[in-house]
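Engineer: no sequence on this one, just coordinates:
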């Protein structure tokens, strides 16, 4: 289903299922559901992909990105010492549960489009020649962004934990990777998704129009 005209609708359905966490806490749609959606979409492609090493690497990167983000946010929300995640998120529950359905649906579409380079990649794999080289370069960049973001998140969290443990007021963290980047975690995010786009770019050029047209037809 993720290698044909139903790729985008199927990815959106996976993301919508993950988005139901927003019925628990509204803010989860942009945190836990985000990570879980990428894990679901990447994992589905990984399990159903044709025998293409580049495609499997691309899918594994998206799935690993989602798993890492979900695990980190869950740890910070539920298990990080002296961090009251529920107290921070509960005030954001401003919309009655059933009225959160539209944002779940629209965000699911957004997440499917975010993963679209991987879906396009699945249409034409295996890539060959220069196209394969470009895709490999994109995957390498995505891997770099993934590691960089993970390091940034952990360094900042450990710093904040130390402040709370010592009873100090919150302050800006400027150590580690944040010494050279004010928003190091977001920089890692940007590099990851740019790399994913580059990894799927040869396939987008080759298969983008048929997949897009097919998705529009199935939703019409």
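Structural biologist: In hand now; what should we look at? Small disclaimer: the values here were computed from a predicted structure and weren't measured. Numbering: from 1, shown residues only.

Engineer: any idea how many residues pack against the closest residue to residue 90 other than its chain neighbours?
Structural biologist: Nearest non-adjacent residue to residue 90, counting by C-beta to C-beta, 6 or more residues apart in numbering: residue 25, 7.4 Å away. In this view, the C-beta of every residue, glycine as well, is placed from N, C-alpha and C. Residue 25: 19 surrounding residues under other C-beta atoms under 10 Å.

Engineer: in contact with residue 25, which residues?
Structural biologist: When contacts are counted by C-beta atoms under 8 Å, 6 or more residues apart in numbering, residue 25 touches 89, 90, 92, 93.

Engineer: do you know how far it is from residue 91?
Structural biologist: Residue 25 is 11 Å from residue 91, where distance means C-beta to C-beta, to the nearest Å.

Engineer: can you give me the helices for this protein?
Structural biologist: For the chain, the helices defined by DSSP state H occupy 7-19, 32-48, 53-74, 85-89, 101-114, 116-124, 129-165, 184-219.

Engineer: most tightly packed of these?
Structural biologist: Among the helices of the chain, helix 116-124 has the highest mean neighbour count (mean count of other C-beta atoms under 10 Å), at a mean of 26.

Engineer: what is it packed up against?
Structural biologist: helix 7-19, helix 32-48, helix 53-74, helix 184-219 (3 or more C-beta pairs under 8 Å, 6 or more residues apart in numbering; DSSP states H and E).

Engineer: below-threshold pLDDT in this protein: ranges please.
Structural biologist: Scanning the chain for pLDDT under 70 picks out 1-3, 206-220.

Engineer: if we use 50, what do you get?
Structural biologist: Of all residues in the chain, those with pLDDT under 50 make up the ranges 208-209, 211-220.

Engineer: follow-up on the earlier one: can you tell me which of the helices of the chain comes nearest to residue 178?
Structural biologist: For the helices of the chain, proximity to residue 178 was assessed by C-beta to C-beta; helix 184-219 is nearest, at 4.9 Å.

Engineer: the residue lying closest to residue 170 once chain neighbours are set aside and residue 45: what is the separation?
Structural biologist: The shortest distance from residue 170 to any residue other than its chain neighbours is 6.2 Å, reached at residue 163 (C-beta to C-beta, 6+ apart). To residue 45, residue 163 is 40 Å away according to C-beta to C-beta.
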